[in-house]
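Colleague: Predicted model and sequence below, questions to follow.
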Amino acid sequence: MPVRLEWVDPEQTLIYIVAEGHLSPDEVLSAANLLREMVQSVDHPVEAIIDARKQSFFSRRYGEMLRLVHQLDYPNLRMVVFVGASFVWELFLTFARQFGSVPYRFAMKPTYEEAVELIQRFRLEADMPSASSACWN
């Protein structure tokens, strides 16, 4: 599968998602369902890093798939940081504007290390008020 998800830490607070190559809508939806299962398997806040540096293509049905992914519930997911491919980030921002709200904070960083650093800073400031859609760079 061109999308791989794994817990980064034994406490299961950070999920690393790697997207590679051509992603079909079914593969993305399957990964979104697995992310939801992982987030729901714990009773504490979770952050995620989506590494899209090796993602090269989206299918024609990508917009339809985004609507399906957006309908899933990620109850403990507080923040998602995209790494790499700026076109993935731009597509996500378009998606966020279209749906009006995203139930977690989001940001984009060029490297994995910078994404982890941002998440650590976010965790220190986690008591700030939530927003319906918050780009947190």
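Modeller: It's in.
Colleague: was I right about Met38 contacting Leu5?
Modeller: Yes - judged on C-beta atoms under 8 Å, Met38 makes contact with Leu5 at a distance of 6.5 Å. C-beta coordinates here come from the backbone N, C-alpha and C atoms, glycine included.
Colleague: so what sits against both of these two?
Modeller: Ile15 (C-beta atoms under 8 Å, 6 or more residues apart in numbering).
Colleague: where are the low-confidence patches of this protein?
Modeller: 1, 56-71, 85, 87, 127-137 (pLDDT under 70).
Colleague: Distance from the lengthiest strand in it to the middle of the chain?
Modeller: Secondary structure of the chain read by DSSP state E shows that its longest strand is strand 46-58. How far strand 46-58 lies from its chain's middle: 8 Å, per C-alpha atoms, centre = their mean, to the nearest Å.
Colleague: Kindly report the same for stretch 42-50.
Modeller: With C-alpha atoms, centre = their mean, you get 10 Å for stretch 42-50.
Colleague: First-to-last residue distance for that stretch?
Modeller: Distance between the boundary residues of stretch 42-50 (C-alpha to C-alpha, to the nearest Å) amounts to 19 Å.
Colleague: same check, this time on stretch 108-115
Modeller: Span of stretch 108-115 from end to end, C-alpha to C-alpha: 8 Å.
Colleague: Check stretch 37-53 too.
Modeller: Termini of stretch 37-53 sit 24 Å apart (C-alpha to C-alpha).
Colleague: ok so Asn33 is a helix residue?
Modeller: Yes - secondary structure assignment places Asn33 in a helix (DSSP: H, G, I helix; E, B strand; the rest coil).
Colleague: can you tell me which residues contact it?
Modeller: Counted by C-beta under 8 Å, 6+ apart, Asn33 has contacts Leu72.
Colleague: separation between it and Pro110?
Modeller: With the distance defined as C-beta to C-beta, to the nearest Å, Asn33 ends up 29 Å from Pro110.
Colleague: Please apply the same query to Val28.
Modeller: 23 Å.
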